[in-house]
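K.L.:
Here's my sequence, what's the structure:
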Amino acid sequence: MKFNLLHTDTKTAARAGLLSTDHGTIETPIFMPVGTEGTVKAVHQHELSDDIRAQIILGNTYHLYLRPGIDILQEAGGLHKFIGWNKPILTDSGGFQVFSLTGIRKLSNDGCEFRSHIDGSKHFFSPERVMDIERAIGADIMMAFDECPPGTADYSYAAKSLALTHSWLERCFRRFDDTKPLYGHTQSLFPIVQGCVYKDLRQQSARFVSSFPADGYAIGGLAVGEPTETMYEMIDVVNNILPTNKPRYLMGVGTPQNLLEAISRGVDMFDCVMPTRNGRNAMIFTMKGILNMRNAKWRTAFELLDEEGTSYVDTTYTRAYLHHLFKAKELLAMQIASIHNLAFYLELVRRARSHIINGDFAEWKAEMMPLLGQRL
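P.N.:
Residues are numbered from 1 along each chain as shown. Here you go, the predicted model:
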């Protein structure tokens, strides 16, 4: 994998680059639709590629390990072939999912024992096991196994958690270096910066992960309950240390405003379930604000979902029609909303990239921020 940094904004830390993998080149900053179990919910792969113009998607190690199972994925020739997707894939290590299983998991220096949320069966993830699973999945970018503490964790817990994450990272890289890709394409391993909301822990973690010769670095453990301004502060702290010549991935974030704020702080890659999850619950994102499609006011609104919509998604659906579909509880409502929201997110980062290259990102961001969050 190669990363070419093409432009850096003169008024902010925003960056535009090209991330090259064996499955294609990704223009950064980029948003990655979340396909947890080998599917982006309610969206076909051809819609991801053609309508949404997604350049990379995510899978999740924990969920794919449980279903369909690693044996099935290996027999299929990896996740790319199993789901019919020939562009890049990133896999989260499953750490966040495992550690969210409060009450049905047991943590130790060796790894984490947990029970499946599906059938209660017992399993164990060690750093080595997770690397083997991610090799079997075959994603272009693999994430290291880490513990993700809650945003409200006290300093003592956060420090112990960080020490565990760092020890696991060393084991992840040893296993990664001792194994090879299974399907003929190269794979990269990204370490994850943790440290909760504590500046010194974040600095310690950023310096530690930077000591590994990784192709990119992730920032985890944010947007998990801490105040938004604290999240932005931690991004600044970390990006002041992480290498400038490698991509930076902010995990699980977030709203359209979060994306622009993080881009202005030097983040290159994002993922979040918000566009699809909120879309399935009748929330539509537009360049002028947010729509709740169940509101009666849209019953006779025959304009397009977004006035600028035809510039980034090929659809003629009106607000009145989508309101009707949600009220009628038609499945098509969730599909249209998911496609629209993902197309919106991808268009937002494309426009950000364009303004970074043109040199007016700061002015454009200042104009967009109040619009994106308003309720229409």
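K.L.:
Could you give the number of residues near residue 149?
P.N.:
24 (other CB atoms under 10 Å). For glycine as for every other residue, the C-beta is placed from the backbone atoms N, C-alpha and C.
K.L.:
didn't it look like it was pressed against residue 197?
P.N.:
No. At 9.7 Å, residue 149 and residue 197 do not qualify as touching, with contact defined as CB atoms under 8 Å.
K.L.:
joint contacts of these two?
P.N.:
residue 158 (CB atoms under 8 Å, 6 or more residues apart in numbering).
K.L.:
Run a quick neighbour tally on residue 144.
P.N.:
Residues contacting residue 144 under the criterion other CB under 10 Å number 28.
K.L.:
What is the burial count for the nearest residue to residue 10 once chain neighbours are set aside?
P.N.:
Using CB to CB, 6 or more residues apart in numbering and skipping the chain neighbours, the partner closest in space to residue 10 is residue 359 (6.8 Å). Using other CB under 10 Å, residue 359 has 12 neighbouring residues.
K.L.:
Ok, the one 3 residues further on next?
P.N.:
Residue 362 sits with 16 neighbouring residues when counted by other CB under 10 Å.
K.L.:
Find me whatever residue is spatially closest to it, sequence neighbours aside.
P.N.:
Closest residue in space to residue 362, ignoring its immediate chain neighbours: residue 11 at 4.0 Å, by CB to CB, 6+ apart.
K.L.:
Do I have it right that the one you found meets residue 361?
P.N.:
Yes. Contact criterion CB under 8 Å: residue 11 and residue 361 qualify, at 7.4 Å.
K.L.:
Pick out whichever of the two has more residues nearby.
P.N.:
Neighbour comparison, residue 11 and residue 361: the larger count goes to residue 361, with 26 against 12 (by other CB under 10 Å).
K.L.:
Let's verify residue 307: helix, strand, or coil?
P.N.:
Here residue 307 is recorded as coil under DSSP: H, G, I helix; E, B strand; the rest coil.
K.L.:
Please tell me how far it sits from residue 218.
P.N.:
For residue 307, the distance to residue 218 (CB to CB, to the nearest Å) stands at 35 Å.
K.L.:
what's the distance between the residue lying farthest from the centre of the chain and residue 321?
P.N.:
Within the chain, residue 300 marks the point farthest from the mean C-alpha position, 35.8 Å out by CA atoms, centre = their mean. Distance, residue 300 to residue 321, using CB to CB: 11 Å.
K.L.:
burial count for the residue lying closest to residue 32 once chain neighbours are set aside?
P.N.:
Nearest-residue entry for residue 32: residue 271, 4.3 Å, with adjacent residues in sequence omitted and distances by CB to CB, 6+ apart. The local packing of residue 271 (other CB under 10 Å) involves 22 other residues.
K.L.:
residue contacts, residue 271?
P.N.:
With contacts defined as CB under 8 Å, 6+ apart, residue 271 is in contact with 31, 32, 33, 34, 58, 90, 249, 251, 252.
K.L.:
Likewise for residue 74?
P.N.:
Going by CB under 8 Å, 6+ apart, residue 74 touches 136, 182.
K.L.:
Could you do the one 5 residues further on as well?
P.N.:
By CB under 8 Å, 6+ apart, the residues touching residue 79 are 38, 59, 64, 73, 85, 89, 91, 137, 138, 139.
K.L.:
wouldn't the last one be in contact with residue 87 here?
P.N.:
Spelled out, that is residue 139. No. At 11.5 Å, residue 139 and residue 87 do not qualify as touching, with contact defined as CB under 8 Å.
K.L.:
Which one's more surrounded, the two?
P.N.:
Comparing residue 139 with residue 87 by other CB under 10 Å, the one with more neighbours is residue 139, at 28 against 18.
K.L.:
Okay, and the more buried one sits in which element?
P.N.:
Using DSSP states H and E, residue 139 maps to neither a helix nor a strand.
K.L.:
how about the nearest residue to it, chain neighbours excluded?
P.N.:
Using CB to CB, 6+ apart, the closest residue to residue 139 is residue 91 (3.9 Å).
K.L.:
For the one you found, grab phi and psi.
P.N.:
phi -120, psi 130 (degrees, to the nearest 10).
K.L.:
again with residue 34
P.N.:
phi -90, psi 120.
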